[in-house]
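A.B. asks: Got a predicted model here, sequence first, then my questions.
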Amino acid sequence: MTENPRGRTVAWLIFAFLAIAYYGNYYVYDSIGPVAELLERQRGFSDSQIGMLNAIYNLPNIVLILLGGILVDRFGAARMLVWTAAICLAGALLTAWSPDFGGMVVGRLLFGIGGETFGIAVMAGVVKYFTGRNLAFALGSVLAVARLGSYSADMSPTWFANAYAEGWQPPLVIAAVLTVVSVAGTIGYWLLDRRNRGSAKAEPGGSAQRFAFRDLLSFGPAYWYLLVLCVLWYAVIFAFRSTFSIKFFQHAHGLDLAAAGAINGIVYLAALFATPFFGWLADRSGRPAPLLAFGTLLLPIAVLTMMSPALPLWIGTVLIGISYSLVPAVLWPLASRLVPAPRLGTAFAVLSVGLNVGIAAANLAAGGLNDAFAAGPGNPAGYGPMMLLFAACGAAGFAFALRLWNGTGTSAR
C-alpha cells in the first residue's frame, strides 16, 4: 500500500522470509502453555504467576506498541523487524536460562517489547508487496504459517518428549533456538527488501509523515467498532488457548499432557489450512463484515461447549479453530481498508494496544479466578468462573461485530 507491488517472484520470496520469521515468533509466545503444569509442580508457580508470564508480554505494549507502529511508519518494516527480532531473541534466552520467577518475567517482558512491534512490521511488510485482490489471502497465509509455530509448540510434548521428561527448562531452550530461526528470516527479508526497494520512502528524513494524535480522527466509526471487537476476541483466544487451555484439558477433562497439547493444537492445525481460504473468500466476496460476525459468534459457543463434560471436547476445539482461522484473516485486511495508507502501521498499532490490554487483563483475571476458586485436578469445577468470563467476553465481541456489520462503514460491509 505504501509502495507499488513488486514482481510476483520477489513478493513470494518476501512472503517466505516473513513466514519463517513469524513461525519462530509464535512458537516462543506459545511455549509457556505446554510447560505450565511443569512450572507448577517443579517450581511451585501459582496460576497467577503462570498467567503473569504471558500477561507481562502484553502489559508493556499497552503503551509501547503505539510507538512501535509509528516507528514502522517512520523507519520501514524491514529495519524494525531486524531490531525487534534481536530483542525477542534476548527475551527468549533469558526466559529459558533464568534461575527464578523474576528472571523469567523479565525475559517474557523483553520478548513482549519486541514481539508485538515485530508482528506489526510483518503485516506491514506483507501489505507492501501484496495489494488488491490478493491482500487478504497473503495476510491469511502468513498468519497460517505463524500458527504452525503455535501448533508446533502445542505438539512439542509429543515431538520432544525426552526434553519434557527432563523438566521445564529444555522445552524453553528449544523455543530459544526457534527464535534464532526467526532472526534468520528477518535478516533474509531485510536483505531482499533492500535490494528491491525503489526509494528511501520509509527511511529517516524521507517522505514518511510524522505522527500526530489528531490523525486518529481520520479513522472512521467502523475502525473503532473493529477495535473493540479485536480487544474482546483476542483476550479470550490468547488467555485461554495460549495460557490455561492445556491445564484445563488436563484437569477438567482428564487428559494427559501430550493429549491435551495435541487437542489444543487442533486449533492451529485447522488455521494452517483454513486461514488462507478465509482470506481468499474475503478477497473474492468483498463482504468481510458478515464473515467477521460469524467467526466471532463461534467463540462463545465453543467456550460454553467445552464447559460441559458430557460433550466431546473436539467440538469446542474445532469451533475455536474455525473462529481463529476466520477472524484474523478478515480483521487485519479490513483494518487496512479503513485507514489512510500512510497511517497503516499506526492503525495496526492502535489495534494492538487494545488487544494487549485485553489479553493482559484476561490472563491476570483468569489466573486470579482459578486461584480464588481453587481450580485444579481435585476441583475441576473451579475453572467454571474463568470459562464464564471468556464466554461473556466472546459474546460482547459478537455484539460489536454486528454493530460493525450494520454500521456506517460501508467499506466494511
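C.D. replies: The structure has been received and is ready for your questions.

A.B. asks: burial count for Leu297?
C.D. replies: For Leu297, the neighbour count with other CB atoms under 10 Å is 18. The C-beta positions use only the backbone N, C-alpha and C, and glycine is treated the same way.

A.B. asks: That one reaches Phe398, doesn't it?
C.D. replies: Yes: Leu297 lies in contact with Phe398 (CB atoms under 8 Å); the separation is 4.9 Å.

A.B. asks: Name the helix or strand of this protein that has the lowest mean pLDDT.
C.D. replies: In the chain, no helix or strand scores lower on mean pLDDT, DSSP states H and E than helix 257-285, which sits at a mean of 76.

A.B. asks: And the next helix or strand past that one?
C.D. replies: helix 288-307 (DSSP states H and E).

A.B. asks: How far off centre is that next one?
C.D. replies: 17 Å (CA atoms, centre = their mean, to the nearest Å).

A.B. asks: pLDDT of that helix, averaged?
C.D. replies: For helix 288-307, mean pLDDT rounds to 92.

A.B. asks: elements contacting it?
C.D. replies: helix 221-239, helix 257-285, helix 313-338, helix 384-406 (3 or more CB pairs under 8 Å, 6 or more residues apart in numbering; DSSP states H and E).

A.B. asks: Need those in a markdown table (columns: distance to Gly114 and mean neighbour count).
C.D. replies: Converted to a markdown table, these look like this (distance: least, CB to CB, whole Å; neighbours: other CB atoms under 10 Å):
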| stretch | distance to Gly114 | mean neighbour count |
| --- | --- | --- |
| helix 221-239 | 17 | 24 |
| helix 257-285 | 22 | 21 |
| helix 313-338 | 20 | 23 |
| helix 384-406 | 27 | 20 |
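
A.B. asks: And these, which one averages the lowest pLDDT?
C.D. replies: Mean pLDDT per stretch puts helix 257-285 lowest among those, at a mean of 76.

A.B. asks: That helix - contacts with which helices or strands?
C.D. replies: With contacts defined as 3+ CB pairs under 8 Å, 6+ apart, the packing partners of helix 257-285 are helix 32-43, helix 135-159, helix 245-253, helix 288-307, helix 313-338.

A.B. asks: Figure out which of those helices is closest to Pro99.
C.D. replies: Closest of the helices and strands packed on helix 257-285 to Pro99 is helix 32-43, at 10.1 Å (criterion: CB to CB).

A.B. asks: what does the closest one rub up against?
C.D. replies: Helix 32-43 is touched from outside by 45-47, 49-50, 53-54, 101, 108, 153-154, 156-157, 164, 167-168, 171-172, 241-247, 250, 257, 261, 264, with contacts defined as CB atoms under 8 Å, 6 or more residues apart in numbering.

A.B. asks: and Phe17, what is it in contact with?
C.D. replies: Phe17 touches 185-186, 188-189, 192, counting by CB under 8 Å, 6+ apart.

A.B. asks: what's it sitting at in phi/psi?
C.D. replies: Here the main-chain torsion angles of Phe17 (degrees, to the nearest 10) amount to phi -70, psi -40.

A.B. asks: before we move on, what SS does Leu311 have?
C.D. replies: Secondary structure, DSSP: H, G, I helix; E, B strand; the rest coil: Leu311 is coil.

A.B. asks: ok, so what distance separates it from Gly167?
C.D. replies: Counting by CB to CB, to the nearest Å, the gap from Leu311 to Gly167 is 35 Å.

A.B. asks: do Leu232 as well
C.D. replies: For Leu232, the distance to Gly167 (CB to CB) stands at 36 Å.

A.B. asks: about what we covered before: quick check on the contacts of helix 32-43: which are buried?
C.D. replies: By neighbour count, with 16 or more other CB atoms under 10 Å, the contacts of helix 32-43 hold 45, 47, 49-50, 53-54, 101, 108, 153-154, 156-157, 164, 168, 171-172, 241-247, 250, 257, 261, 264 as buried.

A.B. asks: follow-up on the earlier one: please identify which of the helices and strands packed on helix 288-307 is closest to Gly376.
C.D. replies: helix 384-406 (12.2 Å).

A.B. asks: Report the distance from that closest one to the chain centre.
C.D. replies: Averaging C-alpha positions (CA atoms, centre = their mean) puts helix 384-406 18 Å from its chain's average.

A.B. asks: Give the other helices and strands that that helix contacts.
C.D. replies: With 3+ CB pairs under 8 Å, 6+ apart as the test, helix 384-406 has helix 221-239, helix 288-307, helix 344-372 packed against it.

A.B. asks: on contacts alone, who are the packing partners of the last one?
C.D. replies: Think helix 344-372. When contacts are defined as 3+ CB pairs under 8 Å, 6+ apart, helix 344-372 packs onto helix 47-58, helix 61-75, helix 101-129, helix 221-239, helix 313-338, helix 384-406.

A.B. asks: got it, and the first one?
C.D. replies: Contact partners of helix 221-239 among helices and strands, from 3+ CB pairs under 8 Å, 6+ apart: helix 47-58, helix 288-307, helix 313-338, helix 344-372, helix 384-406.

A.B. asks: Quick one: closest of those to Arg74.
C.D. replies: Closest approach to Arg74 among these is made by helix 344-372 (8.3 Å; CB to CB).

A.B. asks: in the closest one, what counts as buried?
C.D. replies: Residues 344-371 are the ones in helix 344-372 that count as buried (16+ other CB under 10 Å).

A.B. asks: got it, and stretch 179-187?
C.D. replies: Buried, per 16+ other CB under 10 Å, within stretch 179-187: 179, 182-183, 185-187.

A.B. asks: And these, which two are furthest apart?
C.D. replies: Within these, Thr179 and Ile187 form the most distant pair, 13.0 Å apart (CB to CB).

A.B. asks: Tell me which of the helices and strands packed on helix 257-285 sits nearest to Phe15.
C.D. replies: The nearest among those, by CB to CB, is helix 135-159 at 6.3 Å.

A.B. asks: packing partners for that closest one?
C.D. replies: Counting by 3+ CB pairs under 8 Å, 6+ apart, helix 135-159 packs on helix 8-29, helix 32-43, helix 101-129, helix 161-165, helix 169-196, helix 257-285, helix 313-338.
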